[in-house]
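[1] give me the fold of what follows.
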Amino acid sequence: MTEPALNLDRKVDLKDLDLDALTAFLDGLGKERFRARQIFRWMYRQGVCDFAEMTDLSKDFRQELQARAYVSRLVPEKVEVSSDGTRKYLLRLADGQTVESVRIPMDEGRSTLCISTQVGCAMQCAFCLTGTFGLMRNLTPSEIVNQVCAAQADGPVNNIVLMGMGEPLHNLDNVVAALRIFYAEEGLNFSPRKVTLSTCGLVPEMAELGRRIRVNLAVSLNATTDEVRERLMPINRRYPLARLMAACREFPLQPRQRITFEYILIRDLNDSPADARRLVKLLHGVKAKVNLIAFNEHEGSDYRAPTEEAFEAFQSYLLQRNIVAIRRASKGADISAACGQLKGRLEKEE
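    The predicted structure is shown next:
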């Protein structure tokens with residue numbers, strides 16, 4: 001639980017508080033517990049940010065809230081729309097920093113929202129543009145949640161993936177608080193089955209996440225040997241493959257739940273038949289599915305996308321050995337859809 005900072009000299013953003021923390025905050029003001037659920041419904045079900053509009057609260061209570069707290073919101077500063085319907089939002093935060101989120105259209109009019117958890121990232125993965133910015137700071141729970149609220153202005157969001165800028169488990173407390181807001185019936189009312197968190201493999205935090213809250217887990221794997229993974233993902237020096245895969249086997253799963261392994265195929269680096277064979281061995285004993293992703297070539301990178309033949313051969317090998325291996329379709333190719341591309345391009349222009 002994120003504890004409210006009850007500092008009367010500084011207003012509290014109520015969207016930084018999950019339901020328990022908001023209840024504790026209101027209890028400190030001498031208010032009844034059910035008031036927290038009322039305020040949650042106003043903020044998340046009605047989209048209200050002005051206490052004056054919370055008409056089932058007394059006028060005195062609304063004035064007290066106005067004096068001690070506020071409700072934040074984010075409005076996209078720029079939106080790019082792809083020909084396939086993908087929408088990329090650039091969101092300006094209160095301190096002037098920017099983050100991105102991406103709304104991805106799915107079948108039957110549904111949509112998935114990819115959201116950020118940090119400004120920049122400290123993990124320095126070689127294939128990721130966000131890592132070139134370095135880590136500026138963690139996002140607060142409100143800044144994570146408000147990405148979803150902003151996207152809902154364009155219609156319902158059906159699934160959330162924490163796969164945007166930043167490493168979610170490097171910001172664990174704030175991410176857990178945001179997840180509790182996502183799941184609260186009076187909040188955004190998402191089922192945990194509809195929310196996925198992606199990590200590069202912070203092993204102790206994976207265990208802590210599993211103890212604290214339910215969420216679908218995705219692991220960014222991208223290599224089948226420690227040598228290659230260390231080149232791509234420096235975190236592998238601290239948590240090598242054997243330790244990472246042991247943590248995956250220990251992660252608590254529901255009966256029909258699987259861990260998703262994200263594997264970005266990069267030409268002549270990790271896309272060989274030998275890599276496919278090693279990947280099958282690595283996944284032994286793990287309830288797994290694999291998302292195969294062709295590397296998204298971008299300016300300044302020496303890496304290249306795999307050939308179509310190499311991609312199909314890699315996927316076929318996994319499928320023939322009864323591993324669920326899904327080709328994740330590239331969306332938003334005609335806009336700055338990869339993490340960090342829109343932020344990077346616009347900051348160059350400024």
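[2] ok, and the closest non-adjacent residue to residue 166?
    Leaving aside its sequence neighbours, residue 166 sits nearest to residue 118 (Cβ to Cβ, 6 or more residues apart in numbering; 2.6 Å). Quick note: C-beta positions are derived from backbone N, CA and C, even for glycine.
[3] give the bridge partners for the one you found, please.
    Per DSSP bridges, the residues bridged to residue 118 are residue 138.
[4] my read: it touches residue 167, true?
    Yes - with contact defined as Cβ atoms under 8 Å, residue 118 reaches residue 167; the gap is 6.7 Å.
[5] what about this protein, any weak spots by pLDDT?
    Within the chain, the stretches with pLDDT under 70 are 1-9, 330, 332-350.
[6] mind giving me the domain ranges of it?
    The chain breaks down into these domains under automatic domain parsing: 12-70, 81-349.
[7] need the ones you listed in JSON lines (columns: mean neighbour count).
    Converted to JSON lines, the domains of the chain look like this (neighbours: other Cβ atoms under 10 Å):
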{"stretch": "domain 12-70", "mean neighbour count": "17"}
{"stretch": "domain 81-349", "mean neighbour count": "18"}
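[8] how about the contacts made by residue 176?
    For residue 176, the contact set (Cβ atoms under 8 Å, 6 or more residues apart in numbering) comprises 209, 212-213.
[9] what is the nearest of those residues to residue 144?
    Using Cβ to Cβ, residue 213 comes nearest to residue 144 of the contacts of residue 176, at 13.7 Å.
[10] mark which of the contacts of residue 176 are part of helices, please.
    209, 212 (DSSP state H).
[11] follow-up on the earlier one: the residue nearest to residue 166 and residue 171, how far apart?
    Separation of residue 118 from residue 171 (Cβ to Cβ, to the nearest Å): 6 Å.
[12] so which residues of the stretch 51-200 of the chain form helices?
    All helices of the stretch 51-200 of the chain, identified by DSSP state H, counting those that start in this stretch, fall at 59-68, 141-151, 172-183.
[13] the ones you listed: which one's closest to residue 42?
    Nearest to residue 42, of these and by Cβ to Cβ, is helix 59-68 at 10.6 Å.
[14] of the contacts of residue 176, closest to residue 60?
    After measuring those against residue 60 - Cβ to Cβ - the closest member comes out as residue 213, at 36.0 Å.
[15] for residue 124, find the nearest of the helices of the stretch 51-200 of the chain.
    Comparing these by Cβ to Cβ, helix 172-183 comes nearest, at 19.1 Å.
[16] and that closest one, how far out from the chain's middle?
    11 Å (Cα atoms, centre = their mean, to the nearest Å).
[17] just want the angle from that helix to helix 141-151.
    40 degrees (axes from the mean of the first three to the mean of the last three Cα atoms, to 10 degrees).
[18] do I have it right that residue 240 meets residue 226?
    Yes - at 4.9 Å, residue 240 and residue 226 qualify as touching, with contact defined as Cβ under 8 Å.
[19] who touches residue 223 in this structure?
    Counted by Cβ under 8 Å, 6+ apart, residue 223 has contacts 229, 231-233, 236, 241, 270, 275.
[20] and if you look at residue 208?
    Residue 208 neighbours (Cβ under 8 Å, 6+ apart): residue 172.
[21] residues contacting residue 254?
    So residue 254 contacts residue 214 (Cβ under 8 Å, 6+ apart).
[22] what's the helix or strand for it?
    Assignment of secondary structure by DSSP states H and E places residue 254 within no helix or strand.
[23] residues contacting the closest residue to residue 301 other than its chain neighbours?
    The shortest distance from residue 301 to any non-neighbouring residue, by Cβ to Cβ, 6+ apart, is to residue 127 (7.1 Å). Applying Cβ under 8 Å, 6+ apart to residue 127 gives the contacts 222, 232, 264, 266, 295, 301, 303.
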